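J.: The following block contains a protein sequence and its predicted model.
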Amino acid sequence: STTPVKVAVTGAAGNIGYSLLFRIASGALLGPDTPVELRLLEITPALKALEGVVMELDDSAFPALAGIEIGDDPNVVFDGVNVALLVGARPRTKGMERGDLLEANGAIFTVQGKALNDHAADDIRITVTGNPANTNALIAKSNAPDIPAERFSALTRLDHNRALAQLAKKTGAHTTDIKKLTIWGNHSATQYPDIFHAEVGGKSAIELVNDQNWLENDFIPTTQKRGAAIIEARGASSAASAAAATIDHTRDWLRGSAEGDWLSMAVVSDGSYGVPEGLISSFPVTTKDGNWEIVQGLEINDFSRARIDASTAELAEERDAVQALNLL
Ligand code: NAX
């Protein structure tokens, strides 16, 4: 039989973890016939709760689940891992300044970046979901000099899926009818969901919608603020949809994007579309065999230009802040 693929998940006892682990174990990430070994990282006080989650994974009797290891030391948990889903992060608590948040997460992502550098398998692919996702990915990448930069990514697929849902509702289509939608920039309220290149059932989305007011005052802010709206409604942040997006992102990276479409992924910029080189920013990308490429040659109008620039300026500020904290 085949050697199991080792998939690390951090923050495994958290809310996203509770949805994510069961989907990975059921084959949603690698396919139902690929054996998977879960490597679950938590902080020491959460290990007991994680043991309970492991009991439930055992009790689900997933056919493709080949093994589970848990621990609080990334140097052990990341040993030989092929895929790392970095979900665990330090949330902003009351009275915490932005600098404190970056510093607390810096402490996590420097250590995890080094541990991946020293212990992960040669084919490692890394997805950062924990916020601030783009900058956490930048910190991890900077602390893993032996891992090629293009193996690091941050999640904007949830934003992409949220934008698909909004556009589908507006046009009376299904999300699967929509192609070539893009999230640009940071996974934050400055992100820019771009439908100027999108198609709905093969037709230009922007022409079908034909409603500038909806675009500017409904679609864009609704997508940008969807996370807050879910917290307001549920009393807890999005978890199942974030887990689903983490799977979509990583699965499509490994298995390839569909012909005639692209994905939104935050990846290291090569300067394309005026995004400063080295920032981890969301782009339209195509993927094949575990590699990604930024879609080239798209025309960017003034409306889009201003919004892409605003979001990448925020990313540059975050980079400067963590650089000043010596985290890069
Ligand atoms: P929870 O607070 O429920 O779970 C986080 C878990 O991470 C906790 O169990 C905690 O013990 C663990 N953890 C903390 N530090 C750790 C470390 N150093 N090593 C290992 N584990 C550690 O949060 P949850 O709702 O699961 O969200 C996790 C992260 O995803 C948060 O940062 C959240 O902001 C972020 N999100 C990102 C999204 C995205 O689209 N990129 C959307 C959803 C979500 O808001």
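T.: In hand now; what should we look at?
J.: hang on, L208 packs against G172?
T.: No: look at L208 against G172 with C-beta atoms under 8 Å: they stay out of range, at 9.6 Å. Every residue, glycine included, has its C-beta placed from N, CA and C.
J.: Enumerate the residues of the protein near the ligand.
T.: 10-11, 13-17, 41-43, 46, 87-91, 108, 129-131, 133, 155, 158, 187, 227, 237-239, 242 (C-beta under 6 Å from any ligand atom).
J.: switch the cut-off to 5 Å
T.: Counting by C-beta under 5 Å from any ligand atom, the residues of the chain close to the ligand are 10-11, 13-16, 41-43, 46, 88-89, 108, 129-131, 133, 155, 158, 187, 237-238, 242.
J.: now, which of those lie within helices?
T.: 15-16, 108, 133, 158, 242 (DSSP state H).
J.: more neighbours, L208 and G172?
T.: Set L208 next to G172 and count neighbours by other C-beta atoms under 10 Å: L208 wins out with 18 against 10.
J.: Run through who's touching the host helix or strand of the more buried one.
T.: Assessed by DSSP states H and E, L208 sits inside helix 205-209. For helix 205-209, contacts defined as C-beta atoms under 8 Å, 6 or more residues apart in numbering pick out 167, 170-171, 178, 181, 195-196, 198-200, 215.
J.: for stretch 295-302, same thing?
T.: The contact list for stretch 295-302 (C-beta under 8 Å, 6+ apart) reads 196-197, 262, 272-273, 283-286, 308.
J.: one more time with 6 Å, if that's ok
T.: With C-beta atoms under 6 Å, 6 or more residues apart in numbering as the test, stretch 295-302 has contacts from 197, 262, 284.
J.: Around the second one, count how many other residues there are.
T.: Taking other C-beta under 10 Å as the criterion, the count of residues near W262 is 24.
J.: ok, so what distance separates the nearest residue to it once chain neighbours are set aside from H187?
T.: Among residues not flanking W262 along the chain, P284 sits closest, at 4.5 Å (C-beta to C-beta, 6 or more residues apart in numbering). As judged by C-beta to C-beta, to the nearest Å, P284 and H187 stand 15 Å apart.
J.: out of the two, which sits in the more crowded spot?
T.: Each of P284 and H187 has its neighbours counted (other C-beta under 10 Å); H187 has more, 29 against 25.
J.: Do I have it right that the more buried one meets S153?
T.: No: if you go by C-beta atoms under 6 Å, H187 and S153 don't touch, sitting 11.2 Å apart.
J.: tally of neighbours for S26?
T.: 15.
J.: tell me the pLDDT at it?
T.: Looking at S26, its pLDDT is 98.
J.: Which pLDDT value goes with the closest residue to it other than its chain neighbours?
T.: Nearest non-adjacent residue to S26, counting by C-beta to C-beta, 6+ apart: F62, 5.7 Å away. F62 is assigned a pLDDT of 98 by the prediction.
J.: From what I see, F62 and A25 are in contact.
T.: Yes: using C-beta under 6 Å, F62 is in contact with A25, at 4.2 Å.
J.: Tell me which of these two has more neighbours.
T.: A25 (21 against 18).
J.: Which residues are in contact with that one?
T.: Counting by C-beta under 6 Å, 6+ apart, A25 makes contact with 57, 62, 65.
J.: Format those as CSV; extra columns: distance to D100.
T.: Shown next, in CSV, are the contacts of A25 (distance: C-beta to C-beta, whole Å):
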residue, distance to D100
L57, 34
F62, 40
L65, 38
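J.: Those in helices, which ones?
T.: Among the contacts of A25, the members found in helices (DSSP H) are L57.
J.: Nearest to the ligand among the contacts of A25?
T.: L57 (15.7 Å; C-beta to the nearest ligand atom).
J.: So what's the residue count around the residue of the stretch 1-150 of the chain found nearest the ligand?
T.: Nearest to the ligand, among the residues of the stretch 1-150 of the chain, is G14, at 2.0 Å (C-beta to the nearest ligand atom). Using other C-beta under 10 Å, G14 has 22 neighbouring residues.
J.: Have a look at the chain and report its longest strand.
T.: Of all segments of type strand in the chain, defined using DSSP state E, the longest is strand 280-288.
J.: Can you report how many residues lie near V209?
T.: Neighbours around V209, by other C-beta under 10 Å: 17.
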